[in-house]
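>>> Requesting a structural model of the entry that follows:
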Amino acid sequence: MDKGEGPLPQFLTEEFDAVVVGAGPAGCMAARRIASHMRVLLIDSSPLPRSKPCGGALNPYSWSFLRDFSPPSRLFLDPEEVSFRWLDFDSGVSRVTRLEFKNVSREAFDEWVLSLVPLSVSVRAETRFLGFEERGKELVVTLDSPEGPLKVGTRYLIGADGPLSPVRRSLLGSDTPTYACIQDWVERTNSVHPYFDCIRMKDVGKGHAYTYTVPKGDAVLVGSVFYPGATGQKGTHDAVLGRLSERVEFGKRLKRESAAALQVRSRKDIFLGRGNVLLAGEAAGFISPTSGEGISYALTTGDTCGRAIASNGHGGLAGYERLIEPAVKNISRKARKLALLEYRLGHAILAGMPLSVLSWMTKRL
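Residues are numbered from 1 along each chain as shown. From the prediction side, this is the model:
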């Protein structure tokens, strides 16, 4: 981040009250809140509607937040609901919990969430955040758009740009460690059960954390998550697919995707911003340390961030910190449960829990 003094330069392309980087759930909810009071620019580095590799499962907290918006039926895939199942591949122990997820197309979901943003918001696709400068009490944000470089003046900058957030990096000067995820879309067969499976395997490859499967209409999503620094990820994921195929009949592979997820292990990994630059969603560290679920946090933190700015024209960060503290404590509690999921003893404890206790605990991961 560069600091400067004096009036805003004359070559500014446009001026806004808030620039929101990232048009996913966090960015859209923030823009929606702020737009009722301010001029807002919402940008995303991808074409819109965007396509983000993701499990596409809405937990009860996400659904509770979205219910009043009346999500259309076109968002949902077959089966519309999936139950969460713990599966220890080596021992064969499986536990179907009472935790249910709404099963959605992530691309259709993101397109619908973007449609909730008011028409008064200026939206730019394929526009990258490059950096910002402080000029007196305002910020000058540099963007790279299809039309060329842009300089935008703004009062607030909101980074809702995910685990590899350039906005977060511009404040901290370095990247935060991330998990890597590889996921394949394969043809669905009759042998695939209607569960959201979390699968543990031994000796499948160094750095492999877990694998998940979700039926998605005529396809099945099979993903593997790897700890930061893990090598040979593609080979390990292929080995996982091979072992799964010994028990479940998959059709041909349709496509392969990759993604990153922020590694959050304590409260210290949450960073809400500095000055008039605020972070929301995974860019701020809001992702479950235990389950990797992030949509519910994206929705609620984006909305809360926007509410803090819209209701408090001065000192938005202080208001945000106060309003978001329950979510921060929630992340901290989950981080303390990590050992239960990362070690074999923890897996054994989970396998032996009464179903009612296991379901109760799973809902809080």
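>>> mind listing the helices for the stretch 101-250 of the chain?
For the stretch 101-250 of the chain, the helices defined by DSSP state H, counting those that start in this stretch cover 106-115, 166-172, 233-245.
>>> domains of this protein?
Using automatic domain parsing, the domain ranges for the chain come out as 2-50+114-176+270-335, 57-108+178-263+344-362.
>>> Turn those domains into CSV, including mean neighbour count and mean pLDDT.
Quick note: C-beta positions are derived from backbone N, CA and C, even for glycine. Output for the domains of the chain, formatted as CSV (neighbours: other C-beta atoms under 10 Å; pLDDT from 0 to 100):
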stretch, mean neighbour count, mean pLDDT
domain 2-50+114-176+270-335, 20, 90
domain 57-108+178-263+344-362, 17, 89
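>>> helices or strands next to the helix ranked longest in the chain in the packing?
In the chain, assigned by DSSP state H, the helix with the most residues is helix 316-335. Contacts defined by 3 or more C-beta pairs under 8 Å, 6 or more residues apart in numbering; DSSP states H and E place helix 316-335 against strand 273-274, strand 277-279, helix 295-311.
>>> ok, 10 Å please
strand 156-159, strand 273-274, strand 277-279, helix 295-311 (3 or more C-beta pairs under 10 Å, 6 or more residues apart in numbering; DSSP states H and E).
>>> by how many degrees do that helix and helix 295-311 diverge?
160 degrees (axes from the mean of the first three to the mean of the last three C-alpha atoms, to 10 degrees).
>>> how distant is helix 316-335 from the center of its chain?
Distance of helix 316-335 from the chain centroid (C-alpha atoms, centre = their mean, to the nearest Å) equals 17 Å.
>>> and what of stretch 215-226?
Taking mean C-alpha positions (C-alpha atoms, centre = their mean), stretch 215-226 and its chain are 17 Å apart.
>>> repeat for stretch 68-88
The answer for stretch 68-88 is 17 Å, by C-alpha atoms, centre = their mean.
>>> Can I get that stretch in PDB, CA atoms only?
Extracted in PDB, the C-alpha atoms of stretch 68-88 (Å, rounded to 0.1, in the frame of the first residue of the first chain):
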ATOM      1  CA  ASP A  68     -36.700 -14.600   3.000                       C
ATOM      2  CA  PHE A  69     -35.200 -13.900  -0.400                       C
ATOM      3  CA  SER A  70     -37.300 -16.800  -1.800                       C
ATOM      4  CA  PRO A  71     -34.500 -18.800  -3.700                       C
ATOM      5  CA  PRO A  72     -36.000 -20.100  -7.000                       C
ATOM      6  CA  SER A  73     -36.300 -23.800  -7.700                       C
ATOM      7  CA  ARG A  74     -33.800 -23.600 -10.600                       C
ATOM      8  CA  LEU A  75     -31.000 -23.400  -8.100                       C
ATOM      9  CA  PHE A  76     -31.500 -26.900  -6.700                       C
ATOM     10  CA  LEU A  77     -30.100 -30.100  -8.100                       C
ATOM     11  CA  ASP A  78     -31.200 -33.700  -7.600                       C
ATOM     12  CA  PRO A  79     -31.300 -34.600  -4.800                       C
ATOM     13  CA  GLU A  80     -32.500 -31.300  -3.500                       C
ATOM     14  CA  GLU A  81     -31.400 -32.200   0.000                       C
ATOM     15  CA  VAL A  82     -28.400 -34.300   1.100                       C
ATOM     16  CA  SER A  83     -27.700 -35.700   4.500                       C
ATOM     17  CA  PHE A  84     -24.100 -35.400   5.900                       C
ATOM     18  CA  ARG A  85     -22.400 -38.700   6.400                       C
ATOM     19  CA  TRP A  86     -19.000 -39.500   8.100                       C
ATOM     20  CA  LEU A  87     -17.300 -42.300   6.200                       C
ATOM     21  CA  ASP A  88     -14.100 -44.000   7.400                       C
END
